[in-house]
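K.L.:
Got a predicted structure here, sequence first:
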Amino acid sequence: MTEADWTRVIDQSTALGVRMIQFIGGEPTLHPSLPDLVEHGLGNGLGVEVYSNLTHITPQLWDVFSQPGVRLATSYYSDQPGQHEKITKGRGSYTRTKANIVEALRRGIPLRVGVVDIHDSQRSDHAAAELKALGVEEIDTDRLRQIGRGIRQRKPDSMQLCGNCASGVLAVSPTGAVWPCVFSRWLSIGNVQDCSLSDIVNGKRLHEVRDELAASFRKRGAAAKCDPRCEPYTAGCHPECNPSCSPRCNPISCRPNCLPPRK
C-alpha cells in the first residue's frame with residue numbers, strides 16, 4: 001500500500017461514516033508517511049489512534065501526536081527492564097517506552113496501556129502498578145493470543161478471538177487485504193487494491209464471514225473481554241472489543257464504523 005492507497009482508504013472510510021481510525025503494526029511510527037496520514041485523518045474530521053511500542057518517537061511525531069483528536073496506545077510487560085526486553089526482544093525498549101509514556105502524559109496526550117500476560121512468572125501486576133504510579137489512568141490486561149506473533153500451539157481459529165468481532169470494525173493490512181479485525185488475519189474478506197471499501201462492506205463475503213463468526217461465538221457462550229484493545233478508542237464504550245460500538249473491537253453504543261450501528 002502506498003501513501004496514496006492509504007489516503008484513498010481513509011477517504012472511503014470517511015464516506016462510509018467512520019469517525020475513528022487506528023494505525024497499528026508492526027510499528028506504525030517507522031512508516032515514513034505516518035505524519036501525513038494522521039494529518040489526513042484529522043483533516044477528514046476523524047479521531048486517530050496510534051498503537052505503538054513508543055520506542056521510536058521523533059520530535060516531528062510528538063508534534064503530530066500532540067494535536068487534538070490524536071491519542072496513543074501501547075503495550076507494557078513488566079516493571080523489570082530485563083523481563084520486559086526479553087519479551088519485546090528490543091534492547092533498551094523498557095527505558096524508551098517508559099520515558100515516552102511519561103512524555104505523552106506530560107504533553108496531555110490521551111493514552112491507554114495494555115499489559116499482556118505472557119507467562120506465569122511475569123510481573124504483570126507490578127507492571128500495572130508501575131503504570132498507575134506514572135499517572136496512566138487507562139490500563140487493561142490480556143493473555144497472550146496464539147495469533148500472529150503469539151506463541152503457536154495451535155492453528156489460529158475463532159477461539160482466539162474476543163467473541164465480539166463479528167461486526168462494526170474492519171482492519172486493512174499493508175497489502176490491502178481486509179479482515180474482520182486485526183486478530184482474524186486468516187479470514188480475508190477482500191482487498192482494497194482490487195475494489196472499493198464500500199464494495200467490501202456491502203459485499204456478500206463480509207456478511208458470510210460475520211455470520212460464521214457470530215454463530216461460532218454463540219456456541220462458545222459469553223464473549224470474553226478483549227484487552228488490551230488493539231482497536232481504536234471510543235470514550236465511554238465498554239466492553240471495548242465488541243464492534244457494535246466501534247471503532248473498537250467491541251463497543252455497543254458508540255459510532256462510527258464502516259457499518260451502521262445495530263438496531
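P.N.:
Arrived safely.
K.L.:
Could you use CA atoms for every contact and neighbour count after this?
P.N.:
Fine.
K.L.:
Residue 22 against residue 50, yeah?
P.N.:
Yes: judged on C-alpha atoms under 8 Å, residue 22 makes contact with residue 50 at a distance of 5.7 Å.
K.L.:
Helices of the stretch 51-200 of the chain, residue ranges please.
P.N.:
Listed in chain order, the helices of the stretch 51-200 of the chain (DSSP state H, counting those that start in this stretch) span 59-65, 81-88, 93-107, 124-134, 197-201.
K.L.:
so which of the ones you listed gets nearest residue 219?
P.N.:
helix 197-201 (25.3 Å; C-alpha to C-alpha).
K.L.:
Next, report how far the closest one is displaced from the centre of its chain.
P.N.:
Distance of helix 197-201 from its chain centroid, counting by C-alpha atoms, centre = their mean, to the nearest Å, is 21 Å.
K.L.:
Could you do stretch 67-80 as well?
P.N.:
Counting by C-alpha atoms, centre = their mean, stretch 67-80 comes out at 11 Å from the chain centroid.
K.L.:
try stretch 198-211
P.N.:
21 Å.
K.L.:
how far does it stretch from start to finish?
P.N.:
End-to-end distance of stretch 198-211: 19 Å, with C-alpha to C-alpha, to the nearest Å as the criterion.
K.L.:
for it, what is the average pLDDT?
P.N.:
For stretch 198-211, mean pLDDT is 91.
K.L.:
What residues sit buried inside that stretch?
P.N.:
198, 200, 201, 206, 207, 209, 210 (16 or more other C-alpha atoms under 10 Å).
K.L.:
about what we covered before: now the helices of the stretch 51-200 of the chain as a markdown table including distance to residue 180?
P.N.:
Below are the helices of the stretch 51-200 of the chain laid out as a markdown table (distance: least, C-alpha to C-alpha, whole Å):
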| stretch | distance to residue 180 |
| --- | --- |
| helix 59-65 | 27 |
| helix 81-88 | 26 |
| helix 93-107 | 29 |
| helix 124-134 | 29 |
| helix 197-201 | 10 |
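K.L.:
ok, the buried residues of stretch 198-211 vs residue 128, which is closest?
P.N.:
Relative to residue 128, and with distances defined as C-alpha to C-alpha, the nearest of these is residue 210, at 34.0 Å.
K.L.:
That closest one is in what secondary structure piece?
P.N.:
helix 204-220 (DSSP states H and E).
K.L.:
Quick one: list the elements packing against that helix.
P.N.:
Helices and strands touching helix 204-220, by 3 or more C-alpha pairs under 8 Å, 6 or more residues apart in numbering; DSSP states H and E: there are none.
K.L.:
Please state the offset of that helix from the chain centre?
P.N.:
Remark: helix 204-220 is offset 21 Å from the chain centroid, using C-alpha atoms, centre = their mean.
K.L.:
next one: stretch 192-204
P.N.:
Relative to the chain's own centre, stretch 192-204 is displaced by 21 Å; criterion: C-alpha atoms, centre = their mean.
K.L.:
For that stretch, measure first residue to last.
P.N.:
15 Å.
K.L.:
hmm, who's touching that stretch?
P.N.:
Residues outside stretch 192-204 that contact it (C-alpha atoms under 8 Å, 6 or more residues apart in numbering) are 5, 9, 12-13, 16, 172, 176-178, 189-191, 206, 258-259.
K.L.:
Can you turn the buried part of the residues you listed into a PyMOL selection?
P.N.:
Isolation of the buried members of the contacts of stretch 192-204 (16+ other C-alpha under 10 Å) is achieved in PyMOL through the command below:
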select buried, resi 9+12+13+16+172+176+177+178+189+190+191+206+258+259
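K.L.:
separation between the closest residue to residue 172 other than its chain neighbours and residue 44?
P.N.:
Nearest residue to residue 172, sequence neighbours excluded (C-alpha to C-alpha, 6 or more residues apart in numbering): residue 178, at 4.6 Å. Applying C-alpha to C-alpha, the value for residue 178 to residue 44 is 21 Å.
K.L.:
Equivalent analysis for residue 4, please.
P.N.:
From residue 4 to residue 44 the distance is 15 Å (C-alpha to C-alpha).
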